[in-house]
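Enquirer: Give me coordinates for this.
(2 chains)
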Amino acid sequence: MTDRPSLLSEFTKGIIKNNPVFCLVLGICPTLAVTTSFENGLGMGLAFTFVLLGSNLFISLLRNQTPSIVRLPIFIVIIATFVTIIDIVLQAYLPPLYEALGIFVPLIVVNCIVIGRAEAYASKNPVLPSITDALGISVGYILVLMLIGGIRELLGTGKITFVMLWLLENGQIGFLELATLHIPIEPATVMILSPGAFFTIGSLMFMFKFMGKKMSERRG
Amino acid sequence: MPALLPTENLLELLIAGIFTKNFLLVMFLGLCSFLGLTKDMSSSIGMSMAVTFVMGMASIITWPIFHFILVPFGLEFLQTICFILLIASFVQLVEFIIRKHQPALYRSLGIYLPLITTNCAVLGVVLLNAQQNYSYVGSVVYGISGGLGFGLVMLLASGIREKLLQRGVDMFGGFTGAFLVAALLSLIFVNYFGVIQF
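Expert: As a prediction, the model looks like this:
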C-alpha cells in the first residue's frame, strides 16, 4: 500500500471536492423535497447522517465476509435496517419533524449517496476511514440542505429561524430556536413551492461550478 | 382494511398522478433519472416505459403483502425493508424473463431496469399507497398514472434539452440547465394544473 490519505483529508473532501449534491449530483430528491425551511433541512440531514454512519460502519466491518455477487442486496438490507430504526425513533421522539419529512424518511433507503458510498468506499476500506468518509459526506450534505432550506425560507416567508437539536426544558429532544432574522421584502410563495426549489438548486450549482472553475484557473 | 374495489374517485387519482401531484416536478421523486437520462429522447422514452411498468406492477405486488401479511401481524414498521426487497427481486425477475424471451426488448429497455430498483418514484408510490390507505384498484391506478406523469415530464424535458443542445444553447452546462428546465416546467405544473379541483 502506498501512503494512505490522512483522515483529515478524507473528512474534508466530502465537504467541497466530493460534495454529494453539487459535485456528485446524488440524493437530489430529498434535497429539494424537504428543504422548505431551515429546520426541516437540518432534521433531514441529521437523519441521513445516522443512516450513512451506521451503514458505512457495518458494511465496512462485513467487507471481508460479503460475497461480491450478492453485495448489493446485503447493502440494501443493512441500509434499510438503519432507515427503519431512524423512522421509528423520529416517530416516537420528534413527531412534528416526522410529519414534515413524510415519506422522505423511508426513502433514505434509495438515496443514491448512501448506496454510492457503500459501493465506492465502505466496501473497500477499513472501519476508521469509512466512518470519517461518512462524517465528511454527511457534513457536506447537511450544509447544503441548511443552505437551500435557509434561502427558500428566507425568500418564501420573509424570515428565517435558526434552530438546533437540543434537550428542551421539558426533558424531550426538540428544536431549540436560536434566533430569527427578518428581511423587509414581500415574501414570494413560489420559493416554498417546487419551482423555487429547482430554481434555487440550479442557481447554487451554477455558482458552485463557476467558483470552482475560477479557483482552478487561478491555481493552475 | 381498505377494500379491494375502488372507494375513491379513480379519475381524481389519475389526474393527481399525471398533473397535480406529478411525481417528478411536484413531489420530487425520481430526479436522479430525470437528470441523467433527459439528454436524449430515446433513452428517456425507454426509461419512462420501464418506470411506468414497474410502478404499476409494484403497486400490484406490494398491496396484498402489506394488507394481508404486515398489517394483521402488526409489522407495519417492516414496510420499508419489505417493499424494497420486493421491488428489487421483482425487477431482477423481469430482467431475467425479458432477457430470455424478448432479446429485442431487452436491448432497448434492459439497461434501465437495474436503475429502477434505486429509483425513488417506485418506492415512493408504494409507500404513498400504504400511507393513504388506497384500495387495491385505486393503488394500481395511482401507480400507473404516476408512471405516466413521470413519462410525460421526461419527454417534455428531453425534448427541450435536445433542442437547446442542437441549437448550441448549452445553458451553463449539463445539470444547471436541466434544473432550470425543471423549474420552468414545474411553474406550469404548479400554477396551471394546480387549479384542477374535484
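
Enquirer: Return the residues in contact with residue 190.
Expert: Picked chain A for this. Residues in contact with A:Val190 (CB atoms under 8 Å, 6 or more residues apart in numbering or on different chains) are A:Gly156, A:Gly196, B:Leu187, B:Val190. Every C-beta, even on glycine, is put in place using the N, C-alpha and C of the backbone.

Enquirer: Switch to chain B, please.
Expert: A:Val190, A:Leu193, A:Ser194, A:Pro195, B:Leu25, B:Val26.

Enquirer: name the element it belongs to?
Expert: Assessed by DSSP states H and E, B:Val190 sits inside helix B:174-191.

Enquirer: same deal with A:Leu176?
Expert: strand A:173-182.

Enquirer: and that strand, how far from the chain's centre?
Expert: Chain-centre distance of strand A:173-182: 20 Å, with CA atoms, centre = their mean, to the nearest Å.

Enquirer: continuing past it, what's the next helix or strand?
Expert: Moving toward the C-terminus from strand A:173-182, the first helix or strand encountered (DSSP H and E) is helix A:194-219.

Enquirer: Quick check: buried residues in that following helix?
Expert: Residues of helix A:194-219 classed as buried: A:194-206, A:208-209 (neighbour count, 16 or more other CB atoms under 10 Å in any protein chain shown).

Enquirer: Pull the most distant pair out of these.
Expert: Maximum pairwise distance among the buried residues of helix A:194-219 (CB to CB): 22.7 Å, between A:Ser194 and A:Lys209.

Enquirer: Output the below-cut-off pLDDT ranges for chain B.
Expert: Judged by pLDDT under 70, chain B has its weakly predicted residues at B:170-173, B:197-198.

Enquirer: how about the helices in it?
Expert: For chain B, the helices defined by DSSP state H occupy B:10-15, B:31-37, B:41-64, B:79-101, B:103-109, B:113-117, B:120-132, B:136-166, B:174-191.

Enquirer: Name the residue of chain B that lies nearest to chain A.
Expert: B:Phe179 (3.2 Å; CB to the nearest CB).

Enquirer: For that residue, which residues are in contact?
Expert: Going by CB under 8 Å, 6+ apart, B:Phe179 touches A:Phe198, A:Phe199, A:Ile201, A:Gly202, A:Met205.

Enquirer: Skip the chain neighbours and tell me the closest residue to A:Ala179.
Expert: Once flanking residues are discounted, A:Ala179 sits nearest to A:Phe162: 5.0 Å by CB to CB, 6 or more residues apart in numbering or on different chains.

Enquirer: correct me, but the one you found touches A:Leu176?
Expert: No - counting by CB atoms under 8 Å, A:Phe162 stays clear of A:Leu176, with 9.7 Å between them.
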